[in-house]
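K.L.:
just coords:
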């Protein structure tokens with residue numbers, strides 16, 4: 001093996017100690033290589049190796065693997081330089097792709113940040129786990145209607161109780177609780193056959209009528225305990241995010257050009 005890669009191997013292993021002792025300023029970082037005068041800093045190289053180690057548990061750091069990864073980075077630098085030379089960085093499709101990736105990364109980072117903030121506040125009680133376990137033992141079939149007006153929802157409820165069909169209703173189920181996302185559907189698992197209730201969810205009114213309730217065999221609670229706890233905790237995180245987003249949206253200044261939207265809607269659309 002070439003002597004320079006043995007030196008690189010030693011530098012890589014000593015880097016954490018070197019980095020602690022020295023200034024963090026990038027101008028003092030040592031480059032392990034350069035590609036057309038563009039440096040590959042030791043810190044950058046170490047991050048690449050660290051990511052590779054996390055993705056592949058069997059990866060071993062040796063002079064040979066370091067040489068291979070350095071060559072991979074060099075190839076990537078050459079390709080990127082050539083792409084810039086060809087003017088691809090100014091291509092509109094490239095710019096839009098980068099913008100979309102940047103936005104997705106930023107949003108994902110915010111979600112992770114908020115999740116950490118809620119980490120100490122969100123928890124699942126034993127009573128919630130027991131209640132969820134009871135719900136898991138049934139698969140209801142329901143008739144569901146969604147309306148904007150509470151008074152109209154009351155009228156639909158009366159019709160459903162008399163067995164009169166509402167034009168906008170739909171039959172859903174059998175439902176398994178862990179496949180349910182809607183709060184209205186989730187509450188239907190606590191209802192008995194023939195029962196009709198109204199649930200409000202984010203400004204809409206749902207009228208739910210349980211027409212069938214099938215009991216299913218379940219393993220012991222201790223077998224599914226961890227799964228239930230994880231599911232409920234994730235559900236609480238999702239609810240917290242939705243409530244926080246509604247608060248942010250409520251305090252934001254949002255203007256919608258309804259006239260322009262109407263014009264767009266009137267335009268012919270290609271099928």
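P.N.:
Happy to help now that I have it. None of these values were measured; they are calculated from a predicted model.
K.L.:
What count of nearby residues applies to the closest residue in space to residue 201 that isn't next to it in sequence?
P.N.:
Excluding its sequence neighbours, the residue lying closest to residue 201 (C-beta to C-beta, 6 or more residues apart in numbering) is residue 183, at 4.7 Å. C-betas here are computed from N, CA, C, even on glycine. If you count neighbours by other C-beta atoms under 10 Å, residue 183 ends up with 15.
K.L.:
how much space is there between residue 183 and residue 30?
P.N.:
Distance, residue 183 to residue 30, by C-beta to C-beta, to the nearest Å: 57 Å.
K.L.:
same question, residue 63
P.N.:
18 Å.
K.L.:
swap in residue 37?
P.N.:
16 Å.
K.L.:
When those two are compared, which one has more neighbours?
P.N.:
residue 30 (12 against 5).
K.L.:
Confirm for me that that one is in contact with residue 39.
P.N.:
No: counting by C-beta atoms under 8 Å, residue 30 stays clear of residue 39, with 9.0 Å between them.
K.L.:
pLDDT weak spots in this structure?
P.N.:
Residues of the chain meeting the criterion pLDDT under 70: 1-29, 184, 264-271.
K.L.:
quick one, longest helix in it?
P.N.:
Criterion DSSP state H: the longest helix present in the chain is helix 221-251.
K.L.:
now residue 249: how far from residue 202?
P.N.:
11 Å.
K.L.:
What about residue 136, how many residues nearby?
P.N.:
With other C-beta under 10 Å as criterion, residue 136 counts 20.
K.L.:
does it really touch residue 223, like I thought?
P.N.:
No: with contacts counted by C-beta under 8 Å, residue 136 stays clear of residue 223, the gap being 11.5 Å.
K.L.:
List the buried residues of the host helix or strand of residue 67.
P.N.:
Counting by DSSP states H and E, the element that carries residue 67 is helix 63-85. Buried residues in helix 63-85, counted by 16 or more other C-beta atoms under 10 Å: 63, 66-67, 69-70, 73, 77.
K.L.:
Helices of the chain, residue ranges please.
P.N.:
Taking DSSP H as the criterion, the chain carries its helices at 3-21, 42-55, 63-85, 92-118, 126-135, 150-161, 183-187, 221-251, 258-266.
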